[in-house]
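Novice: attaching a predicted model along with its sequence, questions to come.
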Amino acid sequence: MLRIIILNLLLPVVLCRQYFNEEPSYTEVNPGAAAVLTCSVAEKSRSSECIWQHDRLPVLLQAGKYEWAGQREAGDCSIRVLRANIAYDDGTWECQVTSSSYQAGDGLSSSPAKLVVRQPPGEPRIYRDDGSFTSEGPISMAAGKEEVLRCESRGGNPAPIISWFIDNSEVKSEQRNETELGDSKRWTAVSNLVHTFTREQNGKKIRCSVHHEALTRNVREKSLTLDIQYPPSVKLERSPESKEVEDGVDSVSFSCVADGNPKPDIVWRKLGQSSIFRVEEELSFKPVRKSDSGTYICLARNEIGASDEITATIDVKYPPTKVKTDPVNFIDLEVGDDTVLTCEGDGSPEPQFEWHQKIDSRSSSGDDNTVYHQGSGRVINLRNVTYEEEGLWRCSAFNTIKGKERKVHSEVLRIGVSGKPLPMALKLEERNGHSYMSPLGQEAVLSVAFCSDPPPRKLRWEWGSLKLDQGQSRGRFSVHELDPENKKDCYSSKLQIDNAGSQDERTYYLVAENDRGVLRSGVRLSVRDPISMVTVIGIAISGLLLIVLLLLLLVFARRSRRCCFVGKKDFEPHDIRIERREEIVESDVERLSDGQTSSSQEQRTFPLLTGLGHEVTYQGHAGVGRPIPAPLGTLALYSAPRKTPQNVDRPGQGEDQPDLILPKKVRGTPTMYADLQFPKSSNFGSMKRRNRGDSSHTRHATQSKDSTEYAKIKFSPKQSERAEL
């Protein structure tokens, strides 16, 4: 029971113990404004009182300055600070609540809360690391070097927040805050910027921004222009861009564009010269001259340093100039000498050289205006000099500018040659290698051209053991007077041969002699029958056509079965019967003398073919016709021969006379006739059996059983068989 009484007495005390529901916190207030410091107590006793302390001193509540902001009976002990002033109100504040009774021991005291009466900071200021203050104008920095800048803002409460910006880009920095000496309620904010600036940041704005709630726009700034100093760099600009410029025609200019801070000075120097050529940004040549060719060096300098050197090259093009030969004007040489000709000249691009020669002509009109190209190059070597090198020489120098060839000639160099006689090389080539072709029976003129200085004092032609001096003649041979050639110091000597024949084919030598030596030059004469090529071709074509015609006739005759013995497939050699006719050959002598016929007769023997590979010999007397001996052997089976055109019946001959071969005067080759007689039982000379059923063949055989075929055979008697005159 006692326990119950004690608990009843103590329970209200335990259950009604007061405590803070909300304690005052950090609060800022602008000057002159009101601020509320919140303090809420739960289970506050009616007997408890709310008390506030400022910097650990009790605060007397006064109307218009410090007032209760809530119902204390309900536990709201909040206080309102009016017309805030940094001098009176800024500091730490505590909310306290007395105990409900001396026995309860439930008095409360809050943690100190800062009431800050804001005070706007002063204007930010930027200092260099060495402590120098920079207020106006650009701030100079060295490019590539680490620099330290400091931004300060004083008198602010609380301390402001400082930020750094380069243009619109924020740069990382470090900040520290310090109270002012003798005034703990005002702060000095310091921000340090450690940064390496670059040349690209030159001319940009660097800003120190101070952020504070007491400020009208919450921010104050200080900005400066960066003056980043760096050594110069240069680049070259050329106008025009074409690198090929011609002397006295084109203009050219170079610009040395320098980038540096401070502004650099630009200097031009010409390579090879120690002095300064020009002090300015642009280098111009209007117009450019060949003396302006060279390499120019551009250099920029300022207080920070110097740029790298940059070069510009001008190559002025100009045609060849000062073209001349060495030796100059004239040189006299001996035959066989060696010499060197040199051509000198200047130009850009480097010129090329070539040599030309014009033959020295006797006539002032200069009929031979041919110019010969004798070589290329600055130097030409003349070895074993001949009269061919005599004449007018000239050196030409040429180059190409803007796609066009520019050529300049030197003065003429005259080369004179003297010495022993020498043949003219060009004339020898025209003579086709020391040879001359002459038609048979016509006049042949052999010519040798040669050069000689001094002129020849003796001249003759030689062949075999014969010699003929100039202006002399012998039989068909004559030597013309010396004929001057168009080329200076050159002559032509001619040997004329009338009615040239094959016996004149040989080599003829011209011998020319002067005070320096002797020339012996030969010309080969060939004599040919003047048959034109057209004639030869015509004969060849005619012969070819004749052969083709004969071949066509043979083919036609074979196909039409008109050749000898064609179709007689079973013909045998012994089927031939030969009739012999003897002929008197008239002598050419008798014909030419008295026209009478010789009565002399001779017995002639003719070998006659009776079969392939066999010979028979019949003997007879020329003049009187004789009966042909009766054939022997196989030939006896044939019937008597028919009359030929030579043995037809003549008036006065008897019927009983045998067929005779009458004598006949003939000229040329004797003619023999073969009477081909076939036996009645034969199949026209064929041993093949006939087909009895072949009626047409039988009828043909019946009709042709007495037929006779002839062949004309020509014999060419040997020399021994011909009649003797």
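Specialist: Perfect, I can see it now. Numbering: from 1, shown residues only.
Novice: name the helix or strand for the nearest residue to Q352 once chain neighbours are set aside, please.
Specialist: Closest residue to Q352 apart from its sequence neighbours, by Cβ to Cβ, 6 or more residues apart in numbering: F398 at 5.9 Å. Just so you know, the C-beta spots here come from the backbone N, C-alpha and C atoms, and that holds for glycine as well. Applying DSSP states H and E as the criterion places F398 in strand 391-401.
Novice: can you give the strand pairings for that strand, parallel or anti for each?
Specialist: Paired strands of strand 391-401, with direction, are strand 352-359 (antiparallel), strand 404-409 (antiparallel), strand 413-423 (antiparallel) (DSSP bridges).
Novice: and the strands in the stretch 51-200 of the chain, which stretches?
Specialist: 57-58, 66-68, 79-81, 91-97, 108-109, 113-117, 125-128, 133-134, 139-142, 146-156, 161-166, 169-171, 174-180, 183-196 (DSSP state E, counting those that start in this stretch).
Novice: what comes into contact with the third one?
Specialist: Around strand 79-81, the neighbours that count as contacts under Cβ atoms under 8 Å, 6 or more residues apart in numbering are 29, 34-37, 39, 52, 59, 61, 65-69, 89, 93, 95, 115.
Novice: who does the residue nearest to Q352 bridge with?
Specialist: Per DSSP bridges, the residues bridged to F398 are Q352, K407.
Novice: mind checking pLDDT for the closest residue to W187 other than its chain neighbours?
Specialist: Once flanking residues are discounted, W187 sits nearest to A159: 3.6 Å by Cβ to Cβ, 6+ apart. Per-residue pLDDT puts A159 at 92.
Novice: tell me which residue is most central in the chain.
Specialist: Among the residues of the chain, the one closest to the centroid is G403, at 17.1 Å (Cα atoms, centre = their mean).
Novice: quick one: it and E246, what's the gap?
Specialist: Here the criterion is Cβ to Cβ, to the nearest Å. By it, G403 lies 12 Å from E246.
Novice: where does the stretch 501-650 of the chain dip in pLDDT?
Specialist: Applying pLDDT under 70 to the stretch 501-650 of the chain flags residues 530-533, 561-650.
Novice: how about 50 then?
Specialist: For the stretch 501-650 of the chain, the stretches flagged by pLDDT under 50 are 564-569, 571, 573, 575-650.
Novice: what residues of the longest helix anywhere in the chain count as buried?
Specialist: Longest helix in the chain by number of residues (criterion: DSSP state H): helix 533-559. For helix 533-559, a neighbour-count test (16 or more other Cβ atoms under 10 Å) marks nothing as buried.
Novice: what does stretch 243-257 give?
Specialist: Buried-residue list, stretch 243-257, by 16+ other Cβ under 10 Å: 245-247, 250, 252, 254-256.
Novice: tell me which of the residues you listed is nearest to L392?
Specialist: If you rank the buried residues of stretch 243-257 by distance to L392 using Cβ to Cβ, D247 comes first, at 30.7 Å.
Novice: now do the closest residue to the closest one other than its chain neighbours: how many residues are near it, please.
Specialist: Leaving aside its chain neighbours, D247 sits nearest to Y318 (3.8 Å; criterion: Cβ to Cβ, 6+ apart). Number of residues near Y318 (other Cβ atoms under 10 Å) recorded here: 21.
Novice: CA atoms only: put the strand or helix carrying Y318 into CSV for me.
Specialist: According to DSSP H and E, Y318 maps onto strand 316-326. Provided in CSV are the C-alpha atoms of strand 316-326 (Å, rounded to 0.1, in the frame of the first residue of the first chain):
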residue,chain,number,x,y,z
VAL,A,316,64.4,35.7,-110.4
LYS,A,317,64.2,34.2,-113.9
TYR,A,318,65.9,35.9,-116.8
PRO,A,319,67.0,35.0,-120.3
PRO,A,320,70.6,34.1,-121.0
THR,A,321,73.0,37.1,-121.0
LYS,A,322,76.6,37.8,-121.7
VAL,A,323,76.8,34.9,-124.1
LYS,A,324,80.3,34.7,-125.8
THR,A,325,82.8,32.2,-127.1
ASP,A,326,86.3,31.5,-126.2
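Novice: please report how far the closest residue in space to R186 that isn't next to it in sequence lies from C208.
Specialist: Sequence neighbours aside, E180 is the residue nearest to R186 in space, at 4.6 Å (criterion: Cβ to Cβ, 6+ apart). Counting by Cβ to Cβ, the gap from E180 to C208 is 19 Å.
Novice: how about D90?
Specialist: From D90 to C208 the distance is 26 Å (Cβ to Cβ).
Novice: one more: R269?
Specialist: Per Cβ to Cβ, R269 is found 46 Å from C208.
Novice: between these two, which has more neighbouring residues?
Specialist: Between R269 and C208, C208 has the larger neighbour count (other Cβ under 10 Å), namely 24 against 18.
Novice: surely the more buried one touches P160?
Specialist: No: if you go by Cβ atoms under 8 Å, C208 and P160 don't touch, sitting 10.8 Å apart.
Novice: just the buried residues of stretch 343-355, please?
Specialist: 343, 345, 347-348, 351-355.
Novice: just the endpoints, please. Distance across that stretch?
Specialist: 9 Å (Cα to Cα, to the nearest Å).
Novice: now that stretch: average pLDDT?
Specialist: Mean pLDDT, computed over stretch 343-355, is 94.
Novice: one more: stretch 270-283?
Specialist: Mean pLDDT, taken over the full extent of stretch 270-283, equals 90.
Novice: that stretch: which residues count as buried?
Specialist: 270, 278, 281, 283.
Novice: for burial, what's the neighbour tally of K44?
Specialist: 25.
Novice: dihedrals phi and psi, it?
Specialist: Torsion angles at K44 (phi, psi; degrees, to the nearest 10) stand at phi -70, psi 140.
Novice: how close does it get to D106?
Specialist: Taking Cβ to Cβ, one finds K44 at 10 Å from D106.
Novice: which neighbours do these two share?
Specialist: With contacts taken as Cβ under 8 Å, 6+ apart, K44 and D106 have Q18 as neighbours in common.
Novice: what's the local residue count around the closest residue to D332 other than its chain neighbours?
Specialist: Closest residue in space to D332, ignoring its immediate chain neighbours: G416 at 4.6 Å, by Cβ to Cβ, 6+ apart. Per other Cβ under 10 Å, the neighbour tally for G416 reads 16.
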